[in-house]
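Peer 1: Please work out how this folds:
(one chain, ligands or ions: 1)
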Amino acid sequence: MKRIALLPEGSVSHEAALQLLGDEPAELVYHKLISDVFLSTVHGKTDYSVIPIENTIEGSVSLHMDWLVNEVDLPIQVEWVYPSIQNLIGDRKEFVADSGEVDFTRIRQILSHPVATAQCQQFIRKHAPQAELVNAGSTTEAVGIVKEHPGQGLAAIGTNLGASIHKLDVLAQRVTDHDNNYTRFILIGNQPLAKLPQQIKQMKTSILVTLPEDFPGALHQVLAAFAWRRLNLSRIESRPTKKKLGSYYFYIDVLESVDSVLLTAAIEEIKALGCQVRVLGSYPSYTYQELISEVL
Ligand SMILES: O=C(O)C(=O)C[C@]1(C(=O)O)C=C[C@@H](O)C=C1
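Peer 2: Alright, predicted model coming up:
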């Protein structure tokens, strides 16, 4: 049975992993911190790690991108998208007014993962501007803390699963700024997945490109190698190399398999320009609708 490291029970990561796994039995190994989710597979305690990498509202999860690039060397095996439905969670009787409605102005603190809190800014500003925002390691950790501190005016932003695991009430449903809120997850690990859905509609390759030096048109030259081969890029992002101020690498997602002649040639051309190229993985990418149960 595959062992899979992920954030704790009731997190968005947990919901997303259940979606990916479907009926497939797997041992889920929960960790409080994303660093431990990464390290668990690095140290061979698990076969795969589930990593949230990008969100519709918040964009890239920089901390996780940096871990993926700088701290571990595990290829991406699959990518999928899961809807991040966030709710305001707490003990209803603590906040209920005489009218029977929840009075959000009674909330003293709202706890959550900073990426989740950032997705709910408008709701918080409108309904609970007085609340102090407190960071937690995951949405479900936040819900757990609320459960452990009854009567102290605490509420959390988290999943329905998190609310039911910790036996708390959903005070307000779907509190994200936009309804179309999705998170892109990746599964990293040394072994390719044994079973994949029959129909892979989209292969993707993630590469890191480090320019040899900063000169006019350097990035243009890199992009030209993709452009004239009509290779479609779905994402390009620069992140600091952390070695020198102003030195950046480019994280590029190409909608093509690394085995394709065109992409192989593009990578060779970019290397010939003096750039360093690292392939982070070449993997199937599933939309939420496409994902079927028997992936692992
Ligand atoms: O805290 C959780 O529930 C997570 O799975 C983490 C995480 C993230 O780090 O991006 C995942 C998706 C959510 O949109 C917010 C938080």
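Peer 1: report the longest helix in this structure, please.
Peer 2: Using DSSP state H to define each element, the chain has its longest helix at helix 261-272.
Peer 1: That one packs against which elements?
Peer 2: strand 203-210, helix 218-227, strand 276-286 (3 or more Cβ pairs under 8 Å, 6 or more residues apart in numbering; DSSP states H and E). Quick note: C-beta positions are derived from backbone N, CA and C, even for glycine.
Peer 1: Keeping just the C-alphas, turn the shortest one into PDB.
Peer 2: Spelled out, that is strand 203-210. C-alpha atoms of strand 203-210 as PDB (Å, rounded to 0.1, in the frame of the first residue of the first chain):
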ATOM      1  CA  MET A 203       0.900  16.300 -20.100                       C
ATOM      2  CA  LYS A 204       2.900  19.000 -18.500                       C
ATOM      3  CA  THR A 205       6.600  19.500 -17.900                       C
ATOM      4  CA  SER A 206       7.900  21.900 -15.200                       C
ATOM      5  CA  ILE A 207      11.400  23.200 -15.700                       C
ATOM      6  CA  LEU A 208      13.700  25.600 -13.900                       C
ATOM      7  CA  VAL A 209      15.800  27.900 -16.000                       C
ATOM      8  CA  THR A 210      18.700  29.900 -14.500                       C
END
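Peer 1: And the average pLDDT for it is what?
Peer 2: Mean pLDDT, strand 203-210: 96.
Peer 1: how big is the angle separating that strand from helix 218-227?
Peer 2: Per axes from the mean of the first three to the mean of the last three Cα atoms, to 10 degrees, the angle that strand 203-210 makes with helix 218-227 is 160 degrees.
Peer 1: partner strands of strand 203-210, parallel or antiparallel?
Peer 2: Its sheet considered, strand 203-210 pairs with strand 248-254 (antiparallel), strand 276-286 (antiparallel) by DSSP bridges.
Peer 1: That one to helix 261-272, inter-axis angle?
Peer 2: 10 degrees.
Peer 1: hmm, who's touching strand 203-210?
Peer 2: The set of residues external to strand 203-210 that reach it, using Cβ atoms under 8 Å, 6 or more residues apart in numbering, is 69, 76, 79, 222, 234, 241, 249-258, 263, 267, 270, 275-285.
Peer 1: Any quick PyMOL command for the buried ones out of these?
Peer 2: A single PyMOL command selects the buried members of the contacts of strand 203-210 (16 or more other Cβ atoms under 10 Å):
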select buried, resi 69+76+79+222+249+250+251+252+253+254+256+257+258+263+267+270+275+277+280+281+282+283+284+285
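Peer 1: can you pull the contacts of residue 130?
Peer 2: Residue 130 makes contacts with 105, 107, 108, as judged by Cβ under 8 Å, 6+ apart.
Peer 1: overlap between those residues and the residues near the ligand?
Peer 2: Contacts with the ligand within these, counted by Cβ under 6 Å from any ligand atom: none were found.
Peer 1: which of the residues you listed count as buried?
Peer 2: Among the contacts of residue 130, those buried by neighbour count (16+ other Cβ under 10 Å) are residue 107.
Peer 1: The helix or strand bottoming out on mean pLDDT in the chain pairs with which strands, and in what direction?
Peer 2: Using mean pLDDT, DSSP states H and E, strand 59-60 stands out as the lowest-scoring helix or strand of the chain, at a mean of 89. Neighbouring strands of strand 59-60 in its sheet, by DSSP bridges, are strand 48-55 (antiparallel).
Peer 1: Is any residue of the partner strand near the ligand?
Peer 2: Yes. Using Cβ under 6 Å from any ligand atom, strand 48-55 reaches the ligand at 52, 55.
Peer 1: Okay, buried residues for stretch 39-54 please.
Peer 2: Buried-residue list, stretch 39-54, by 16+ other Cβ under 10 Å: 39-42, 46-54.
Peer 1: Contact residues of the protein facing the ligand?
Peer 2: Counting by Cβ under 6 Å from any ligand atom, the chain sits next to the ligand at 7, 11-13, 52, 55, 61, 84, 113, 115-116, 138-140, 183.
Peer 1: Out of those, name the ones that lie in strands.
Peer 2: Of those, the ones assigned to strands by DSSP state E are 52, 55, 183.
Peer 1: Mind checking what secondary structure the residue lying farthest from the centre of the chain has?
Peer 2: Centroid-distance maximum for the chain: residue 98 at 40.3 Å, with Cα atoms, centre = their mean. What DSSP: H, G, I helix; E, B strand; the rest coil gives for residue 98 is coil.
Peer 1: re earlier: want to throw the ones in strands among the residues of the chain next to the ligand into JSON lines with pLDDT and distance to residue 193?
Peer 2: Putting those into JSON lines (pLDDT from 0 to 100; distance: Cβ to Cβ, whole Å) gives the following:
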{"residue": "52", "pLDDT": "96", "distance to residue 193": "19"}
{"residue": "55", "pLDDT": "90", "distance to residue 193": "24"}
{"residue": "183", "pLDDT": "94", "distance to residue 193": "20"}
